[in-house]
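In: sequence first, then the predicted structure, then my questions.
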Number of protein chains: 2
Amino acid sequence: MTATIAIALDAMGGDHGPAVVIEGAECARERYPDLRFRLYGQEGPIRAALARAPRVAAEAEIVPVEGVVLGTDRPSAALRRARSTSMGCAIEAVKAGEVAAAVSAGNTGALMAMAKVALRTIPAIDRPALVALMPTMRSDSVVLDLGANTECDANNLVQFAVMGAAFARSVLGLDRPTVALLNIGEEDMKGTTELKLAASLLREAGIDLPLDFLGFVEGNGIGKGEVDVIVTDGFSGNIALKTAEGTANLVTGLLARAFRASLRTRLGYLLSRPALRALKDQLDPNHHNGAVFLGLNGVVVKSHGAANVKGFANAVCVARDLVAGRILDRIAEDMAKFRAHLPQGSPGREAAA
Amino acid sequence: MTATIAIALDAMGGDHGPAVVIEGAECARERYPDLRFRLYGQEGPIRAALARAPRVAAEAEIVPVEGVVLGTDRPSAALRRARSTSMGCAIEAVKAGEVAAAVSAGNTGALMAMAKVALRTIPAIDRPALVALMPTMRSDSVVLDLGANTECDANNLVQFAVMGAAFARSVLGLDRPTVALLNIGEEDMKGTTELKLAASLLREAGIDLPLDFLGFVEGNGIGKGEVDVIVTDGFSGNIALKTAEGTANLVTGLLARAFRASLRTRLGYLLSRPALRALKDQLDPNHHNGAVFLGLNGVVVKSHGAANVKGFANAVCVARDLVAGRILDRIAEDMAKFRAHLPQGSPGREAAA
């Protein structure tokens, strides 16, 4: 008998509720037959959705929970009633070791708050980071932090680098991902004190790690796919992610407008449709769905609220890849290697003691 | 006789040297016949380039300077020999009041250092900011700071807001530009302490200013054209600008790749060429060329090093618009209005005393 990977799903999260969550799980199960699910939420809607997901229906366990976290709920308010919500119970199942991971398409702030309080950070990690994939000319790149920490010090950035590389190994299947810090220039003298310190720590103590540290990368290096893992604080990471999203919409919007200009370009549009569909497909956020709140004692994945079935399935597969890739062990091992190379008395080494 | 506007040009700056600078000036002069030029640089190459610029040749004054700032020069090194370089002498002419503005396509760091030392900041402004236009779905938006100040406090951000609005009035011809602070969420509780303080200062004391303060905007709001002026620190601004550039290249690159997929899409490409050219044109950085180092006692405009004739002409026209729009007076007047509304004893008011 093969080992299975059990995942808790917040069936009530996201714009489309149980239908997309459960069909997404069905789709993920087709890709990975080792997946098993626990479904948290209101029993009626869950059972209705299971009618269209025979594989999941055959084996899933339903855990009835009435409370739902709304998109408009403040994280602090959601946190107080966590244990009566589908989101909170899914996370508790990770804490109790009943499942290997939890996936929710619900309120990001509430999910981060609940996961942080219930699971706590891995001993070697000071703060968890939000990590996800962004499309590039080469393939996808891992970017973190995307908004969990507005301000970060050098130790946080170094820890993000180690976590991002572990993520790239599990999810992108790379042996030695390249890693760089997002900065406003590639020269050593550029950027904040924290960035310069993080770079020197990674150069000094990163030698035994399964990654290649390349120094600094600028914003335009993300789209080029210059590095596999881009490390930054949550403020700049969020600005970069959303600016990229806005610019992709701008370019495709201007293109659509340009196609409407004349009869010739309208005809050109009709002939070009397969190419335009391929472009749309490559930029589709559902393809990169599944942001992970990394650095906790447990795997928690956030799906876009608006994700479709394929998108939610991708988020589930990210959770499965991280579990199969033993992400938590990898991070702990790599942080231990890193700290062993830090000079005696350095702040990074102290923090790890 | 009409009043003329004299502009100093660093003829040696940029990847293409005097040829593009002087033909760009000729092109700007066609748009604005009130422009007159002083050309700083090596006499031989300047005279050779003037052969193709009859209007500029007829009236321009050549100021022979042998020294040239290279793209690879460190700002500190360039600064020491400023007065023997075409860039430094062009800035000195602004300081001496011989010209109304200077334009250079040379080394950005050197230009910023020289301009700051020679011209100093306007009394009400603590730090100058690098400002430029970015394309959006609506029209262009003004974004600052794009990299002059890695870290900024609330007063810096407020001053950037006032300067950015004055820029939008002069260059975009808007009466009351909308202004927002770049942040990682639109809710009041999001972002750094400095951002929240800057927002409350602008809400409180911005009531008499010729601008509408809209609060916070996220990265994806830039491409949408949600606001006319986007205010941020130089780190985030640089990340946003370069990420946008990289994403635009990514999308157009993926599109080009998609068009090559089949015979049908290749044919579609041929028919669509006018639309694709229009898109390329709208995203062409030459159209938004002319970054301004704003907040100094003088107008200094930085052209992209790689700008073509049209691009350099745009940079010259930005300089001309700022002079004609009395940008320095506007900033001083608006800062005075702003400070008059600050509560007694607030740090912004102190700084202005």
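Out: Great, that's in hand.

In: I'd assumed residue A:243 was in a helix, is it?
Out: Yes: Residue A:243 sits within a helix when classified using DSSP: H, G, I helix; E, B strand; the rest coil.

In: these two touch, right, it and residue B:221?
Out: No: shown here, residue A:243 and residue B:221 do not form a contact pair, counting by CB atoms under 8 Å, at 9.3 Å. Where C-beta positions appear, they are placed from N, C-alpha and C, glycine not excepted.

In: these two - which one has more neighbours?
Out: residue A:243 (31 against 22; other CB atoms under 10 Å in any protein chain shown).

In: list the contacts for the nearest residue to the more buried one once chain neighbours are set aside?
Out: Nearest residue to residue A:243, sequence neighbours excluded (CB to CB, 6 or more residues apart in numbering or on different chains): residue B:219, at 3.7 Å. Contact analysis of residue B:219 by CB atoms under 8 Å, 6 or more residues apart in numbering or on different chains lists A:238-246, B:182, B:240, B:243.

In: and the gap between residue B:219 and residue A:94?
Out: With distances taken as CB to CB, to the nearest Å, residue B:219 is found 31 Å from residue A:94.

In: and what of residue A:134?
Out: Counting by CB to CB - residue A:134 and residue A:94 are separated by 26 Å.

In: which helix or strand contains residue A:238?
Out: helix A:234-259 (DSSP states H and E).

In: SS state for the closest residue to residue A:162 other than its chain neighbours?
Out: The spatially closest residue to residue A:162, leaving aside those adjacent along the chain, is residue A:334, at 4.8 Å (CB to CB, 6+ apart). When classified by three-state DSSP, residue A:334 comes out as helix.

In: before we move on, what about residue A:126?
Out: What three-state DSSP gives for residue A:126 is coil.

In: likewise for residue A:149?
Out: Classified using three-state DSSP, residue A:149 is coil.

In: check residue A:213 too.
Out: Applying three-state DSSP: residue A:213 is strand.

In: contacts only, for it.
Out: Taking CB under 8 Å, 6+ apart, we find residue A:213 in contact with A:161, A:178-180, A:199, A:202-203, A:206.

In: for the helix or strand residue A:281 falls within, packing partners?
Out: Secondary structure from DSSP H and E places residue A:281 in helix A:263-283. Here helix A:263-283 touches helix A:234-259, helix B:234-259, helix B:263-283, going by 3 or more CB pairs under 8 Å, 6 or more residues apart in numbering or on different chains; DSSP states H and E.

In: what lies in contact with it?
Out: Residues outside helix A:263-283 that contact it (CB under 8 Å, 6+ apart): A:135, A:248, A:252, A:258-260, A:287, B:251, B:254-255, B:258-259, B:261-262, B:264-265, B:267-275.

In: among those, which ones are buried?
Out: With neighbours counted by 16 or more other CB atoms under 10 Å in any protein chain shown, the contacts of helix A:263-283 contain buried members at A:135, A:248, A:252, A:258-259, B:251, B:254-255, B:258-259, B:265, B:268-269, B:271-272, B:275.

In: just name the closest of the residues you listed to residue A:231, please.
Out: Using CB to CB, residue A:135 comes nearest to residue A:231 of those, at 18.2 Å.

In: which residues touch that closest one?
Out: Residues near residue A:135 by CB under 8 Å, 6+ apart: A:282-283, A:287-288, B:250.

In: check residue A:75 too.
Out: Counting by CB under 8 Å, 6+ apart, residue A:75 makes contact with A:107, A:109-110, A:112-113.

In: repeat that for residue A:78.
Out: Per CB under 8 Å, 6+ apart, neighbours of residue A:78: A:69, A:85, A:87-88, A:107, A:109-110, A:113-114.

In: neighbour-wise, which one of those leads?
Out: That'd be residue A:87 among the contacts of residue A:78, by other CB under 10 Å, with 31 neighbours.

In: so which bits of the stretch 101-250 of chain A are right by chain B?
Out: A:135-137, A:147, A:150-151, A:182, A:184, A:191-192, A:218-224, A:232, A:234-236, A:238-250 (CB under 8 Å from any CB of the partner chain).

In: I'd say residue A:234 and residue A:157 touch.
Out: No: using CB under 8 Å, residue A:234 is not in contact with residue A:157, being 10.8 Å away.

In: which of these two has more residues huddled nearby?
Out: For residue A:234 versus residue A:157, the count of surrounding residues by other CB under 10 Å is larger for residue A:157: 26 against 22.

In: got a list of what the more buried one touches?
Out: Taking CB under 8 Å, 6+ apart, one finds A:181, A:194-195, A:198, A:231-233 in contact with residue A:157.

In: so it is in which element?
Out: Residue A:157 is located in helix A:154-171, with elements delineated by DSSP H and E.

In: just after that helix, pick out the following helix or strand.
Out: Remark: after helix A:154-171, the chain's next helix or strand is strand A:178-182, criterion DSSP H and E.

In: what helices and strands are in contact with that following strand?
Out: Against strand A:178-182 (3+ CB pairs under 8 Å, 6+ apart) you get helix A:154-171, helix A:193-205, strand A:212-217, helix A:219-224, strand A:229-231, helix A:234-259.
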